[in-house]
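Chemist: Sequence and predicted structure below; questions after.
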Amino acid sequence: MADPQGFLKYGRELPTRRPIAERIKDWIEVYEEFPDAKIKAQAARCMDCGIPFCHKGCPLGNIIPDWNDLVYRGRWQDALAELHATNNFPEFTGKLCPAPCESACVLGINQDPVTIKRIEETIAMRGWAEGWIVPELPRQRTGKTVAVIGSGPAGLAVAQQLNRAGHFVTVFERDDAIGGLLRYGIPDFKMEKWVLDRRIAQMEAEGVIFKVSVDAGVDVTGAELQSQFDAIVIAVGSTVPRDLKVSGRELDGIHFAMEYLPQQNKQVAGTWNPHNPQLTAEGKSVVILGGGDTGADCLGTAIRQGAKRIYQYEILSRPPDSRDDTMPWPHYPMIFRVSSAHEENDCRDYAIHTKSLNGTDGKVTHLTGVRVEWMCDSAGLRTMQEVPDSEFTIEAEMVLLAMGFVHPQRDGLLAQLGVELDERGNIRADETYATSVPNVFACGDARRGQSLIVWAIMEGREAARGVDIALTGASTLPLAGAKR
């Protein structure tokens, strides 16, 4: 290992975030540069732990101790090769993944875990800066054609892997640019879009064909795709948002997060039509319902747009500050965390249930809520009870629903293909990612439900292997980490 005593010499350290007063005025990523010397010191903290649970914590099975050791020794290009062996897009996960690998770090049992995520991102960004990341063309073509529907992280991963296996791959995206949630769900202050564009250019140079503004199931039917391609991979994500069923939901000014966030990303990119009205929090009292990452993205966006006042409500209780008996190591703990947006304005409140939305002249003006307590019944099931005399009403000129997603869109392509759905409304697929329809596969959130970017990439890699075997009878594509 890097330095057998490194974890005794160095403490955990992360890059500094830019001053709040500075960063809320722009859409640039919030972190400052982290010197190589500090990254090497952090890599040195990786212990000779015997059984690296970080491998299991990462769905991709990233070979973390190996590239930590290589970074410590200054062998950056070798570290990049180890990283790319399991992860197509390490700069995406390095910037956006919540790092379940760090939660499984053995050092984390009684110390702060290794800064795996930051080291991963640094390796990838160093690879781009040095010109080590180049197109990898297939040695030969199979003559087989594959349509990938959706260009989020799962779709991009399955497309790159299948193309490298020699198949002709076409990616269909219904929006006007490639990237899915990476493009229009993630604000630029978390990942600037040139980072995404660079990978797309690499894939185009490798031979992947991208078609934007093509809504599969509308602009091209399921039957047409089946007649034109040897296989179809559905990677459309979980796109149907969880709604709020209360009185006043129909009022103007109430929007799903994915109505709100893409418009600002298009503004930053310069692709938003200035003649179209934009949803903006400027000068408004804003309420965000949902305490997860999407809610934090809405918060950071509303801050930068100049909201007058912001409230963020979560219906569940406040998570604990550290692991408790319900979250033993090495499982990912659901603990209280502070994102960059919350550092800018931590307006969260927990155990709040929205009772109604009220308005004037068809526009929302107020939200009425109540505090709740969560109890366990005799069967161990959690139930919610209102706290007596805790009802309140606040001004709400914009309400953003960031309560997650329930399943993929069922009408259109899925209905046309006739794929079987599971009990949650996701696409049912077997261990090879094959659906109930011959030569139709599914991966990512459309198959497993709303999840993490690292799971999406893993699913894309593993689905590519399943498709490759179905088309050719065998595959040299590697098993994804969760299947090794």
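Modeler: Arrived safely, thanks for sending.

Chemist: tell me the domain ranges of this protein?
Modeler: 6-130, 145-239+406-483, 243-403 (automatic domain parsing).

Chemist: and the shortest one, how far out from the chain's middle?
Modeler: This means domain 6-130. 18 Å (C-alpha atoms, centre = their mean, to the nearest Å).

Chemist: Do me a favour and get the end-to-end distance for it?
Modeler: For domain 6-130, the separation between the terminal residues is 27 Å (C-alpha to C-alpha, to the nearest Å).

Chemist: And the strands in the stretch 51-200 of the chain?
Modeler: With strands called from DSSP state E, counting those that start in this stretch, the stretch 51-200 of the chain shows them at 145-149, 168-172.

Chemist: The first one pairs with which strands?
Modeler: Within its sheet, and counting by DSSP bridges, strand 145-149 is paired with strand 168-172 (parallel), strand 231-234 (parallel).

Chemist: Let me have those in a markdown table, adding distance to residue 455, mean neighbour count and mean pLDDT as columns.
Modeler: The way it works is simple: take the backbone N, C-alpha and C, and place the C-beta from them, glycine included. Rendered in a markdown table, the data for the strands paired with strand 145-149 read as follows (distance: least, C-beta to C-beta, whole Å; neighbours: other C-beta atoms under 10 Å; pLDDT from 0 to 100):
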| stretch | distance to residue 455 | mean neighbour count | mean pLDDT |
| --- | --- | --- | --- |
| strand 168-172 | 20 | 24 | 98 |
| strand 231-234 | 16 | 28 | 98 |
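
Chemist: Switch these over to JSON lines; also include distance to residue 24.
Modeler: As requested, those are arranged in JSON lines below (distance: least, C-beta to C-beta, whole Å):
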{"stretch": "strand 168-172", "distance to residue 24": "35"}
{"stretch": "strand 231-234", "distance to residue 24": "39"}
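
Chemist: follow-up on the earlier one: distance to residue 399 added to the strands of the stretch 51-200 of the chain, as TSV?
Modeler: Output for these, formatted as TSV (distance: least, C-beta to C-beta, whole Å):
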stretch	distance to residue 399
strand 145-149	32
strand 168-172	33
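
Chemist: and residue 410, which of the ones you listed is closest to it?
Modeler: Comparing the strands of the stretch 51-200 of the chain against residue 410 with C-beta to C-beta, the closest turns out to be strand 145-149 (14.0 Å).

Chemist: still on that earlier bit, out of the strands of the stretch 51-200 of the chain, nearest to residue 243?
Modeler: Closest of the strands of the stretch 51-200 of the chain to residue 243 is strand 145-149, at 24.5 Å (criterion: C-beta to C-beta).

Chemist: so what's residue 479 scoring on pLDDT?
Modeler: If you check residue 479, the pLDDT there is 85.

Chemist: isn't there a strand covering it?
Modeler: No. The assignment for residue 479 (DSSP: H, G, I helix; E, B strand; the rest coil) gives coil, which keeps it out of a strand.

Chemist: Going forward, the N-terminal residue is numbered 18.
Modeler: Taking 18 as the first residue, the last one we looked at is residue 496.

Chemist: Correct me if wrong: it contacts residue 481.
Modeler: No. Between residue 496 and residue 481 there is no contact, the gap being 11.0 Å when judged by C-beta atoms under 8 Å.

Chemist: of the two, who's got more company?
Modeler: residue 481 (32 against 13; other C-beta atoms under 10 Å).

Chemist: Need the nearest residue in space to that one, chain neighbours excluded.
Modeler: Spatial nearest neighbour of residue 481, excluding adjacent residues (C-beta to C-beta, 6 or more residues apart in numbering): residue 178 at 3.4 Å.

Chemist: just residue 228 next, same as before
Modeler: Skipping the residues right next to it in sequence, residue 228 comes nearest to residue 189 by C-beta to C-beta, 6+ apart, at 5.2 Å.

Chemist: So residue 297 sits against residue 321, correct?
Modeler: No. Checked against C-beta under 8 Å, the pair residue 297 and residue 321 is beyond contact range at 10.3 Å.

Chemist: returning to what we had before: to residue 156, which of the domains of the chain lies closest?
Modeler: Distances from residue 156 to each of the domains of the chain were compared using C-beta to C-beta; the shortest belongs to domain 162-256+423-500, at 7.2 Å.

Chemist: Which one's more surrounded, residue 297 and residue 321?
Modeler: With other C-beta under 10 Å as the criterion, residue 297 and residue 321 differ in neighbour count, and residue 321 comes out ahead with 22 against 17.

Chemist: Let me see the contact set for the closest residue to that one other than its chain neighbours.
Modeler: Nearest-residue entry for residue 321: residue 41, 5.5 Å, with adjacent residues in sequence omitted and distances by C-beta to C-beta, 6+ apart. Taking C-beta atoms under 8 Å, 6 or more residues apart in numbering as the criterion, residue 41 is in contact with 320-321, 361.

Chemist: Of the residues you listed, just say which sits nearest to residue 204.
Modeler: residue 321 (8.4 Å).

Chemist: can you pull the contacts of the closest one?
Modeler: For residue 321, the set of contacting residues under the criterion of C-beta under 8 Å, 6+ apart consists of 41-44, 206.

Chemist: Would you mind giving both backbone torsions of residue 229?
Modeler: Note on residue 229: backbone dihedrals following degrees, to the nearest 10 are phi -100, psi 170.

Chemist: Please give me every residue in contact with the closest residue to it other than its chain neighbours.
Modeler: Counting by C-beta to C-beta, 6+ apart, residue 190 is the residue found nearest to residue 229 once chain neighbours are left out, at 4.9 Å. Under the criterion of C-beta under 8 Å, 6+ apart, the contact list for residue 190 reads 167-168, 172, 196-197, 227-231.

Chemist: Touching, residue 231 and residue 238? I think so.
Modeler: No. Residue 231 lies out of contact with residue 238 (C-beta under 8 Å); the separation is 11.6 Å.

Chemist: Make JSON lines from the domains of the chain and add distance to residue 153 to it.
Modeler: JSON lines is the format used below for these (distance: least, C-beta to C-beta, whole Å):
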{"stretch": "domain 23-147", "distance to residue 153": "9"}
{"stretch": "domain 162-256+423-500", "distance to residue 153": "6"}
{"stretch": "domain 260-420", "distance to residue 153": "28"}
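
Chemist: bridging residues for the residue nearest to residue 330 when sequence neighbours are not counted?
Modeler: Of all residues beyond its chain neighbours, the one nearest residue 330 is residue 369 (4.0 Å), with distances taken as C-beta to C-beta, 6+ apart. Legend: beta-bridge partners of residue 369 under DSSP bridges are residue 388.
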